[in-house]
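**Q** Give me a 3D structure for the following:
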Amino acid sequence: MARPTKFSEERAKQIGERLREGATRAAAAQSSGVSVRTFERWLRTRPDFAGTVSQREAQAELFFTLIVTNAARTNPYYALEWLKRRRRAEWGDRVQPPCPVCLEAKLQRLLSELS
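**A** Predicted coordinates:
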């Protein structure tokens with residue numbers, strides 16, 4: 001006999017509220033007494049639940065985006081951080097990967113200093 005489902009409208013609502021507050025999917029599920037695996041199965045098998053999850057995540061993103069854009073009006077730091085994250089190619093920090101030849105030369109120099 002199959003185990004009874006933990007799914008209920010009340011539990012789905014609780015998960016949705018936590019997602020709207022900005023919780024991750026894992027935190028929203030686990031804090032509602034649902035494993036991540038069960039949560040993911042519900043997403044696959046319950047289109048109405050999946051739609052609610054997407055909607056609540058979008059609401060959270062919009063809420064936090066509004067906070068950042070309002071803060072950016074008075075502090076350019078927040079504007080720059082938004083640009084760096086949303087327009088990474090144009091505004092993101094450019095980190096040069098280390099040159100393998102340079103690293104090898106530095107390693108050889110350090111090894112010679114130790115001997």
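
**Q** so which strand or helix has Leu111?
**A** Using DSSP states H and E, Leu111 sits in helix 100-114.

**Q** Now find how far off-centre that helix is within its chain.
**A** Put simply, helix 100-114 sits 39 Å off its chain's centre (C-alpha atoms, centre = their mean, to the nearest Å).

**Q** Which strands or helices does that helix pack on?
**A** The contact analysis (3 or more C-beta pairs under 8 Å, 6 or more residues apart in numbering; DSSP states H and E) places helix 100-114 against no helix or strand. Every residue, glycine included, has its C-beta placed from N, CA and C.

**Q** Now do it, average pLDDT.
**A** Averaging pLDDT along helix 100-114 yields 82.

**Q** and if you look at stretch 7-20?
**A** The model assigns stretch 7-20 a mean pLDDT of 97.

**Q** Give me the residues contacting it.
**A** 25, 27-29, 31-34, 39, 42, 46, 49, 52-53, 55-57, 59-60, 63 (C-beta atoms under 8 Å, 6 or more residues apart in numbering).

**Q** and that stretch, which residues are buried?
**A** Within stretch 7-20, the residues that count as buried by 16 or more other C-beta atoms under 10 Å are Phe7, Arg11, Ala12, Gln14, Ile15, Gly16, Arg18, Leu19, Arg20.
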